[in-house]
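Asker: this one's sequence-less:
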């Protein structure tokens with residue numbers, strides 16, 4: 001009797017955990033939205049959010065109507081679940097928990113594609129795609145794996161979806177991005193139409209992207225762990241689900257540090273997700289050592305994938321969805337056949353090649369990968385071809401440049417009340433000269449070097465009748481304090497200071513974003529404006545030069561303008577008198 005009671009309690013506890021896990025997977029939609037929005041440009045943020053929201057909402061509608069029964073309905077010759085409407089006709093005995101659990105997984109598959117097709121897809125076209133993949137494409141292949149279909153009968157193992165979800169989403173993302181073409185300005189072509197350069201489009205909000213990664217990592221404990229049936233198995237799954245992404249991130253950080261000179265932030269964030277994707281299929285059958293190897297390979301794969309799409313396939317994937325989900329979904333599927341071990345709690349049957357199990361399991365996993373990949377490739381090509389031929393797939397060039405928030409949703413900005421500026425390579429200047437002038441000390445630098453580093457543009461062809469001039473100084477943020485102190489010593493006590501973005505003729509530092517070199521892009525600057533009459537303009541110029549000079553082209557620029565009139569609002573004083581309590 002005691003054993004029966006404990007078994008009942010255990011079943012109830014894990015039944016509750018099953019639903020909590022489903023809720024965690026639903027919460028991953030927020031993570032995907034944050035990652036995709038953060039890794040793209042500000043003008044498309046609202047569109048990204050809408051697509052992630054609609055993936056779940058449209059997916060729910062189609063999953064109710066047809067998707068769920070195709071996935072978990074009575075098996076028909078191992079290929080498809082029997083269509084039915086039990087949710088309407090037999091609600092009292094309906095499998096509510098399984099419905100919700102499989103629904104949130106279905107939504108995850110659909111939303112992977114959003115990032116790869118970001119910034120240039122028609123919203124209507126995306127909604128059509130989302131309905132088709134949720135109602136037809138995902139449920140059929142998932143039935144083969146989890147609904148008692150032919151792959152399940154062969155012993156194919158995909159515990160939480162490296163193949164059924166991530167690889168399918170990743171392949172769909174690759175096909176969709178290829179059909180769309182690259183964003184305007186991503187690839188530079190010569191007169192023959194040959195691509196000569198790849199441009200980087202930095203994400204507008206990496207903190208948002210990082211928050212999304214942490215949300216996804218948290219949700220992944222439900223993603224991988226919800227189907228566990230014992231505490232031991234759950235603990236083991238949590239361990240492998242922690243190790244693999246951590247190792248992947250360290251490997252990517254190290255690789256980018258060595259290859260590009262500095263550890264890449266966005267690639268490291270991608271690596272965390274890559275490790276999570278790769279461990280999803282084998283999380284319940286591998287051990288800590290297996291998780292380490294799986295994570296290490298995932299970290300390298302994501303770097304290779306981003307490079308391969310940019311420089312070989314010439315496919316524009318703004319968020320790295322293909323590298324993260326497609327390549328590592330394949331890797332995680334095959335890893336089951338390599339690293340499955342009976343030492344993992346709950347695994348008494350599956351043994352991988354590296355643990356003495358031979359090639360059989362690896363062969364089954366490979367067959368499953370090929371079959372699901374073929375199904376996804378064929379069906380998604382048909383889907384995107386039909387969408388492109390009917391309603392169209394891509395927005396116009398003008399709409400893309402304006403931003404999808406405005407043209408698709410009537411949203412002037414997703415950041416009302418904030419000033420947001422996109423600083424991508426569409427706003428750069430190509431110059432190849434070295435900026436180092438060879439002398440970093442102002443006192444030792446020649447006049448020519450000082451003039452080259454801090455250029456002066458004097459618009460006053462003659463002194464205005466008022467005797468008043470405005471001096472505008474554009475400089476690096478780091479030199480502001482030194483400039484302010486020097487101006488104060490000179491007697492300038494009033495100034496207007498603005499933070500601005502700008503680029504001059506200086507070449508950038510050769511930094512890389514996701515492995516792509518960034519030319520001189522818009523950089524943060526400080527603009528200081530002072531109006532002087534009693535203090536000689538030349539004195540202000542010399543003080544500014546001394547404060548700003550570091551020996552490099554781009555140290556700053558000084559503009560001098562004549563001032564026709566100055567009026568102090570409070571007293572009505574004009575010109576020289578108006579400046580007396582300012583200078």
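Answerer: Noted; the coordinates are in hand. These numbers come from a predicted model, not from an experiment.
Asker: What residues of the strand or helix carrying residue 97 count as buried?
Answerer: Using DSSP states H and E, residue 97 sits in helix 96-116. For helix 96-116, burial by neighbour count (16 or more other Cβ atoms under 10 Å) applies to 99-116. For the C-beta atoms, the positions are set from N, CA and C on the backbone; glycine is no exception.
Asker: Packing partners of it?
Answerer: helix 2-38, helix 45-62, helix 68-72, helix 123-132, helix 138-146, helix 168-180, helix 321 (3 or more Cβ pairs under 8 Å, 6 or more residues apart in numbering; DSSP states H and E).
Asker: Using TSV, lay out these together with mean neighbour count and mean pLDDT.
Answerer: Below are these laid out as TSV (neighbours: other Cβ atoms under 10 Å; pLDDT from 0 to 100):
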stretch	mean neighbour count	mean pLDDT
helix 2-38	17	87
helix 45-62	22	97
helix 68-72	24	95
helix 123-132	20	97
helix 138-146	25	97
helix 168-180	26	97
helix 321	33	97
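Asker: got those helices as JSON lines, with distance to residue 473 columns?
Answerer: Formatted as JSON lines, the helices and strands packed on helix 96-116 follow (distance: least, Cβ to Cβ, whole Å):
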{"stretch": "helix 2-38", "distance to residue 473": "34"}
{"stretch": "helix 45-62", "distance to residue 473": "34"}
{"stretch": "helix 68-72", "distance to residue 473": "65"}
{"stretch": "helix 123-132", "distance to residue 473": "45"}
{"stretch": "helix 138-146", "distance to residue 473": "59"}
{"stretch": "helix 168-180", "distance to residue 473": "45"}
{"stretch": "helix 321", "distance to residue 473": "44"}
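Asker: right, so of those, which gets closest to residue 380?
Answerer: Taking Cβ to Cβ, helix 168-180 is the member of those nearest to residue 380, at 4.6 Å.
Asker: State the next helix or strand along the chain beyond that closest one.
Answerer: strand 187-189.
Asker: Counting by contacts, list what the helix or strand following that following strand packs against.
Answerer: Next helix or strand after strand 187-189 toward the C-terminus (DSSP H and E): strand 195-198. Applying 3+ Cβ pairs under 8 Å, 6+ apart, one finds that strand 195-198 contacts strand 187-189.
Asker: and the strand it packs on, average pLDDT?
Answerer: For strand 187-189, the mean pLDDT works out to 88.
Asker: name the helices or strands packed onto that strand?
Answerer: strand 195-198.
Asker: Tell me, please, where in the stretch 151-300 of the chain the pLDDT is lower than the cut-off.
Answerer: Nowhere does the stretch 151-300 of the chain drop to pLDDT under 70.
Asker: all helices for it, in order.
Answerer: Using DSSP state H, counting those that start in this stretch, the helices of the stretch 151-300 of the chain run over residues 168-180, 206-225, 231-260, 265-280, 288-308.
Asker: Would you mind getting the angle between the helix holding residue 97 and helix 138-146?
Answerer: 120 degrees (axes from the mean of the first three to the mean of the last three Cα atoms, to 10 degrees).
Asker: coming back round to it: can I get the helices of the stretch 151-300 of the chain in CSV including distance to residue 123?
Answerer: As requested, the helices of the stretch 151-300 of the chain are exported to CSV (distance: least, Cβ to Cβ, whole Å):
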stretch, distance to residue 123
helix 168-180, 13
helix 206-225, 21
helix 231-260, 32
helix 265-280, 25
helix 288-308, 26
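Asker: Could you say which of these is packed most deeply?
Answerer: For these, average neighbour numbers computed from mean count of other Cβ atoms under 10 Å are highest in helix 265-280, which has a mean of 29.
Asker: what's that one packed up against?
Answerer: Using 3+ Cβ pairs under 8 Å, 6+ apart, helix 265-280 sits against helix 206-225, helix 231-260, helix 288-308, helix 328-339.
Asker: Buried residues in the helix or strand that comes right after the last one, which are they?
Answerer: Sequence-wise, the next helix or strand beyond helix 328-339 is helix 360-390, with elements assigned using DSSP H and E. Neighbour counts over helix 360-390 (16+ other Cβ under 10 Å) mark 361-362, 364-366, 368-369, 371-373, 375-376, 379-380, 383-384, 387 as buried.
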